[in-house]
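In: build the 3D model from these lines:
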Amino acid sequence: MDEIGANVAEAAYKNQLAKQTAEELSGVTAKFTEAMLNAKDKMGKTPGVEGYERYSEEWDNTLKSMEEHAMSIAFGVDQSTSDIQTVDEEAHADYSGIAGLLSRSVNT
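Out: As a prediction, the model looks like this:
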């Protein structure tokens, strides 16, 4: 690598992956809850299988947390990418003037 600064294109790619993951996880809690309700209905009252509500509630909280974290990561990566690009652009003028003194080129 012969440049100073961040690889904004790579950061943008990682941002896209984070957003895609968040989108794919969006709604997983509702789908899980629906699946648990369907399973409970299919089992009926006999033979008396219990625990659907408790199991569903426990995993509901975990899945909600997972969805929230995925969105937070996507937002954080997006903001970081933007911040990195801004810092690189602001620093470019300062460092490009000394480019002859550096053994590396400066991001543009």
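In: tell me which stretches of this structure form helices.
Out: Taking DSSP state H, the helices of the chain run over residues 8-25, 28-43, 52-96.
In: list the buried ones in the first one?
Out: Same thing as helix 8-25. V8, A11, A12, N15, A18, K19, A22, L25 (16 or more other Cβ atoms under 10 Å). C-beta here means a position set from N, CA and C on the backbone, and glycine is covered the same way.
In: hang on, the earlier thing: in a markdown table: the helices of the chain, plus mean pLDDT.
Out: Shown next, in a markdown table, are these (pLDDT from 0 to 100):
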| stretch | mean pLDDT |
| --- | --- |
| helix 8-25 | 88 |
| helix 28-43 | 87 |
| helix 52-96 | 83 |
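In: tell me who's in contact with G27.
Out: The contact partners of G27, by Cβ atoms under 8 Å, 6 or more residues apart in numbering, come to E67.
In: quick one: it and T33, what's the gap?
Out: The spacing between G27 and T33, counted by Cβ to Cβ, to the nearest Å, is 10 Å.
In: now do E58
Out: Counting by Cβ to Cβ, the gap from E58 to T33 is 12 Å.
In: repeat for A11
Out: Note on A11: its distance to T33, by Cβ to Cβ, is 35 Å.
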